[in-house]
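Novice: Give me the fold of what follows.
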Amino acid sequence: MRLDPPDSSSAAGAPPLIVHVIHQLDVGGLENGLVNLINHMPPGRYRHAIVCMKNATVFRQRLSAPGVEIISLGKREGKDPGHYLRLYRLLRQLRPSLVHTRNLCCIEAQLLAAIAGVRLRVHGEHGRDIDDPQGAKRKYRLLRKLMRPLIQHFIAVSADLGQWLVQAIGVPPDRVSHIGNGVDSVQFHPRLGPPAVVGPPGFLCHGAYVVGSVGRMAAVKDQLSLVRAFLLLLEKLDRYERARLRLMIVGDGPCRQPCLDLLAQAGAQHQAWLPGTRDDVAPLLRAMDVFVLPSLAEGSSNTILEAMATGLPVVATDVGGNAELVQPGWSGALVPPRSPELLAAALFDYYRAPELGARHGARGRRQVLAEHSLAAMAGAYLAVYDRLTGAEAPSPLSTYP
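Specialist: Here you go, the predicted model:
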């Protein structure tokens, strides 16, 4: 951990300092949302520092806002009591006006912040723990309930998570704000001509129809169900139609190799491209014809929003905040989790009716432009920070009745 001399928020003329505590600054929806937020906050209103319980990867290069310090605590896997002391000392040194933690893995930092004398504390829920996708485990609920009195305000990225905080964790409704993710609709835009040539030679053949997905290849994202649905879809098609079908899954993780193995066992590996983690997601989305998110649990998916901004129809599982983004029969389709057969049926509908996909994709982009701009997201977070810090002209909070 590197500690630079603090630039105290109490210094004359210095904007208040917000310390954002996360597990790791790496590829992911939560991390992407944090970077987008800091990059689009009005300059000069607040200073920002990101404290990573583990470390920061090259993903940090996506931060374009000046003066953001990134500090890694180097937490070891499993139990590492020493990182609590390191965090306490760091917060005493930085003396932030506000600490904003995110998700269960960082909620204990609320206690350290309180002990360190940080007066204002915010916690964000971006999706439940990977080992508890429904938020039902008693020990995790108990931990959240124990931390609840220390937290002035909660932010949920979906209405589903917000209602769960109120009903299951007992957070007063006026201490919960629902702030959806925003998306860069300039970077993520519809295809303007023929798709760019992507993938290995021959992957994008003439007339190719690309079923695509983007995300961490972890068990909770369930890309294996997508691969199974793709193989079922191949069985529905005649020889010519099968030759056109392609699968693209962008991302890396422990489930990537099992997906590759399943494709190889079916003899369909030449029709799929699983390139791992990529920095060129926007052009890869423009090479797709339909976007799929087969997750077992979600908060509010950045990748769904990016696909909608790209003008793609979205087929997603009916979990978490997905139903708040995808309107069945209007901008996409929702299917139950772990249902490859129903997922294949939804993909078949889009494959057989490309005009339906274009129509749903156009509606999805209009929805993103109207409801999920980066400016609107940054403004909503700014309203929370302003209200807590007493800054000028606070905006009203969106709370649960």
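
Novice: Low-confidence stretches in this protein?
Specialist: 1-12, 392-401 (pLDDT under 70).

Novice: Could you check how far the nearest residue to residue 254 once chain neighbours are set aside is from residue 294?
Specialist: In this structure, residue 254 finds its nearest non-sequential neighbour in residue 218, 6.5 Å apart by Cβ to Cβ, 6 or more residues apart in numbering. For the C-beta atoms, the positions are set from N, CA and C on the backbone; glycine is no exception. Using Cβ to Cβ, to the nearest Å, residue 218 is found at 12 Å from residue 294.

Novice: who's more crowded, those two?
Specialist: Between residue 218 and residue 294, residue 294 has the larger neighbour count (other Cβ atoms under 10 Å), namely 26 against 18.

Novice: residue contacts, that one?
Specialist: Listed by Cβ atoms under 8 Å, 6 or more residues apart in numbering, the contact set of residue 294 reads 213, 221-223, 225-226, 229, 316-317, 337, 343.

Novice: Out of those residues, list just those in helices.
Specialist: 223, 225-226, 229, 343 (DSSP state H).

Novice: Let me have these in TSV, extended by neighbour count.
Specialist: Formatted as TSV, the ones in helices among the contacts of residue 294 follow (neighbours: other Cβ atoms under 10 Å):
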residue	neighbour count
223	27
225	23
226	24
229	26
343	27
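
Novice: just those residues now: which is nearest residue 69?
Specialist: residue 223 (35.3 Å; Cβ to Cβ).

Novice: how about the helices of the stretch 101-250 of the chain, start to end?
Specialist: 109-115, 138-147, 159-167, 223-236, 239-244 (DSSP state H, counting those that start in this stretch).

Novice: can you list these in JSON lines and add distance to residue 123?
Specialist: Listed next are the helices of the stretch 101-250 of the chain as JSON lines, based on distance: least, Cβ to Cβ, whole Å:
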{"stretch": "helix 109-115", "distance to residue 123": "6"}
{"stretch": "helix 138-147", "distance to residue 123": "7"}
{"stretch": "helix 159-167", "distance to residue 123": "9"}
{"stretch": "helix 223-236", "distance to residue 123": "30"}
{"stretch": "helix 239-244", "distance to residue 123": "48"}
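
Novice: So for residue 256, which of these sits nearest?
Specialist: helix 223-236 (8.0 Å).

Novice: Setting aside sequence neighbours, what's the nearest residue to residue 40?
Specialist: Nearest one to residue 40, counting by Cβ to Cβ, 6+ apart, is residue 378 at 4.2 Å.

Novice: helix or strand for the one you found, which one?
Specialist: Using DSSP states H and E, residue 378 sits in helix 374-389.

Novice: Thought residue 278 was touching residue 284, still the case?
Specialist: Yes. Using Cβ atoms under 8 Å, residue 284 is in contact with residue 278, at 6.3 Å.

Novice: shared neighbours of these two, anything?
Specialist: residue 250.

Novice: more crowded one of the two?
Specialist: Shown here are residue 284 and residue 278; by other Cβ under 10 Å, residue 284 has more neighbours (22 against 14).

Novice: what packs against the strand or helix carrying the more buried one?
Specialist: Using DSSP H and E, residue 284 sits in helix 281-286. Packed against helix 281-286, as judged by 3 or more Cβ pairs under 8 Å, 6 or more residues apart in numbering; DSSP states H and E, are the following elements: strand 209-214, strand 245-250, helix 302-309.

Novice: Tell me which residue lies farthest from the centre of this structure.
Specialist: residue 239 (37.8 Å; Cα atoms, centre = their mean).

Novice: could you point out the longest helix in the protein?
Specialist: Under DSSP H, the chain gives helix 354-371 as its longest helix.

Novice: any idea how far residue 99 is from residue 153?
Specialist: Separation of residue 153 from residue 99 (Cβ to Cβ) stands at 12 Å.

Novice: so what sits against both of these two?
Specialist: With Cβ under 8 Å, 6+ apart, residue 153 and residue 99 have common neighbours residue 122.

Novice: Compare those two (neighbour count), which wins?
Specialist: residue 99 (29 against 22).

Novice: List the residues that contact the more buried one.
Specialist: Neighbours of residue 99 in contact, by Cβ under 8 Å, 6+ apart: 18-19, 21, 91, 109-110, 113, 118, 120-122.

Novice: Same question for residue 388.
Specialist: 98, 120, 122, 152-153.

Novice: Kindly report the same for residue 57.
Specialist: By Cβ under 8 Å, 6+ apart, the contact set of residue 57 is 24-27.

Novice: Please report phi then psi for it.
Specialist: phi -100, psi -170 (degrees, to the nearest 10).

Novice: For the residue lying closest to residue 299 once chain neighbours are set aside, the count of nearby residues, please.
Specialist: Leaving out its chain neighbours, the residue that sits closest to residue 299 by Cβ to Cβ, 6+ apart is residue 127, at 3.3 Å. Residue 127 sits with 26 neighbouring residues when counted by other Cβ under 10 Å.

Novice: Residue 202 too?
Specialist: 9.

Novice: Quick check: it vs residue 287, distance?
Specialist: Separation of residue 202 from residue 287 (Cβ to Cβ): 14 Å.

Novice: How about residue 271?
Specialist: Residue 271 is 14 Å from residue 287, by Cβ to Cβ.

Novice: Check residue 377 too.
Specialist: 27 Å.

Novice: repeat for residue 22
Specialist: Distance from residue 22 to residue 287, by Cβ to Cβ: 31 Å.

Novice: try residue 177
Specialist: Taking Cβ to Cβ, one finds residue 177 at 37 Å from residue 287.

Novice: And for residue 305?
Specialist: Residue 305 is 18 Å from residue 287, by Cβ to Cβ.

Novice: Equivalent analysis for residue 69, please.
Specialist: Taking Cβ to Cβ, one finds residue 69 at 37 Å from residue 287.

Novice: More neighbours: the two, which one.
Specialist: Neighbour totals were compared for residue 69 and residue 287, and residue 287 leads with 22 against 17 (other Cβ under 10 Å).

Novice: Contacts only, for the more buried one.
Specialist: Per Cβ under 8 Å, 6+ apart, neighbours of residue 287: 191, 195-196, 198-199, 204, 210, 212, 248.
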